[in-house]
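**Student:** dropping a prediction and its sequence here:
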Amino acid sequence: MSPIERAARALCELDGNPPGATMDGKPLWQDYVSEVRAVLSAIREPDADHARQIGLRNVWQCNPDDIGGVYSAMIDAAIEEG
């Protein structure tokens, strides 16, 4: 299951819909995909503080100057899925 689908299912359930809910034969979670994409697009670029916080963790052991690019690439990959 892609990150987009997982997030859309979570939003669907947050709205009080049961898992697996359908409408007109279509899974109801699919109605939330555009909202998920909008959120991912809104957080695509980390602000300076966020990039610094990620850099402090540096779980990727990469150049701290590349952290923002790595973060954006991860968001891009999630947006392109699904």
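**Tutor:** Thanks, I have it.
**Student:** all contacts plus neighbour counts: C-alpha atoms, from now on.
**Tutor:** Fine.
**Student:** where along the protein do the helices fall?
**Tutor:** Along the chain, counting by DSSP state H, helices occupy 3-14, 33-42, 48-57, 67-80.
**Student:** just checking, what packs against the first one?
**Tutor:** Right, the one you point to is helix 3-14. Packing contacts for helix 3-14, counted by 3 or more Cα pairs under 8 Å, 6 or more residues apart in numbering; DSSP states H and E, involve helix 33-42, helix 67-80.
**Student:** out of the helices of the chain, which is the most enclosed?
**Tutor:** Burial of the helices of the chain is given as mean neighbour count (mean count of other Cα atoms under 10 Å); helix 3-14 ranks first at a mean of 18.
**Student:** and that helix, what's its mean pLDDT?
**Tutor:** Helix 3-14 comes out with an average pLDDT of 95.
**Student:** same question for stretch 38-50.
**Tutor:** 81.
**Student:** which stretch in the helices and strands packed on helix 3-14 is the model least sure about?
**Tutor:** Looking at the helices and strands packed on helix 3-14, the bottom one is helix 67-80 with a mean of 80.
**Student:** now do that one: distance to the chain's middle.
**Tutor:** Centroid separation for helix 67-80 versus its chain: 10 Å, with Cα atoms, centre = their mean, to the nearest Å.
**Student:** what angle sits between it and helix 3-14?
**Tutor:** 70 degrees (axes from the mean of the first three to the mean of the last three Cα atoms, to 10 degrees).
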